[in-house]
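[1] with the input below, show me the fold.
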Amino acid sequence: MEQKELLRSLAKVANTLTATEVPFALTGGCAVYARGGPPTTHDVDVLVRERDVSRAVSALVASGLRAAETPLDWLAKVYDGDRLVDLLHHPNGEPVTDDVLKRAEHMRVGPAEMPVATATDLMVDKLKVFGPHRCDFTELLPIARALREQVDWKQVWDRTVESPYAEAFLLLLKRLDIEEVVP
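    Here you go, the predicted structure:
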């Protein structure tokens, strides 16, 4: 899948959700790309409140996307052709709140303007994914490097302090002189 196709799907999603007044924020790889990080061709990830999921899915289906079943209870899935769009309402087990959506900053991403999750929220979410079966720092290191000046690292530390994997990654950033994160 090409970046251009993914950005077209992203624009369709953003324009549809905006037109139907469903609060949302772009997250994941496309949000990292919007903030100057590496490009992604994987999928589109959008944060929505749980109470807005069915309205968001209905609006997207009405605009030509198709809904897909998922056994996961923390997201809904729709497709624009073969391009996956995840509507996340409980990423990492935490609900999407009004505060999370209000922190998002409006940015142009490809052909559309939309709210984009903060770099701090992106780093926290990415660090909270790490665990004993998923602890490869390879993909996150260039993201941290690219977004480092946009991130409130103290807040990242405070919000991930319970994770030894996040602590290890933040120590790595310190040791590589990328960011003075660890207190």
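[2] mind listing what the residue positioned nearest the centre of the chain touches?
    In the chain, the centroid-proximal residue (Cα atoms, centre = their mean) is Thr27; its distance is 2.0 Å. Counting by Cβ atoms under 8 Å, 6 or more residues apart in numbering, Thr27 touches Asp45, Val46, Leu47, Leu88, Pro91, Val116, Ala117, Asp121, Leu122, Asp125. Backbone N, C-alpha and C define where each C-beta goes, glycine included.
[3] tell me how far it lies from Ile178.
    22 Å (Cβ to Cβ, to the nearest Å).
[4] again, but for Asp43
    Distance of Asp43 to Ile178, computed by Cβ to Cβ: 27 Å.
[5] between these two, who's got more neighbours?
    Asp43 (18 against 14; other Cβ atoms under 10 Å).
[6] tell me the contacts of the more buried one?
    Contacts of Asp43 (Cβ under 8 Å, 6+ apart): Leu6, Gly28, Gly29, Arg83, Leu84, Val85, Asp86.
[7] give me that answer again for 10 Å
    Applying Cβ atoms under 10 Å, 6 or more residues apart in numbering, we find Asp43 in contact with 1, 6, 9-10, 28-30, 77, 79, 83-86.
[8] pLDDT value on it, please?
    The per-residue pLDDT reported for Asp43 equals 93.
[9] quick one: it from Arg148, how far?
    25 Å.
[10] elements contacting the helix or strand that Met114 is a member of?
    Per DSSP states H and E: Met114 is located in strand 112-116. Packed against strand 112-116 by the contact rule (3 or more Cβ pairs under 10 Å, 6 or more residues apart in numbering; DSSP states H and E) you find helix 3-19, strand 25-27, helix 28-34, strand 44-47, helix 98-103, strand 105-109.
[11] redo that, cut-off 8 Å
    The contact analysis (3 or more Cβ pairs under 8 Å, 6 or more residues apart in numbering; DSSP states H and E) places strand 112-116 against helix 3-19, strand 25-27, strand 105-109.
[12] most neighbours per residue, which of those?
    Comparing those by mean neighbour count (mean count of other Cβ atoms under 10 Å), strand 25-27 ranks first with a mean of 26.
[13] show me how this structure divides into domains.
    3-117, 124-175 (automatic domain parsing).
[14] which one of the ones you listed is the most hemmed in?
    The highest average neighbour count among the domains of the chain, using mean count of other Cβ under 10 Å, belongs to domain 3-117 at a mean of 18.
[15] ok now that one, how far from the chain's centre?
    The chain centre lies 8 Å from the centre of domain 3-117; the measure is Cα atoms, centre = their mean, to the nearest Å.
[16] span of it from start to end?
    19 Å (Cα to Cα, to the nearest Å).
[17] repeat that for stretch 121-137.
    Terminal-residue distance, stretch 121-137 (Cα to Cα): 18 Å.
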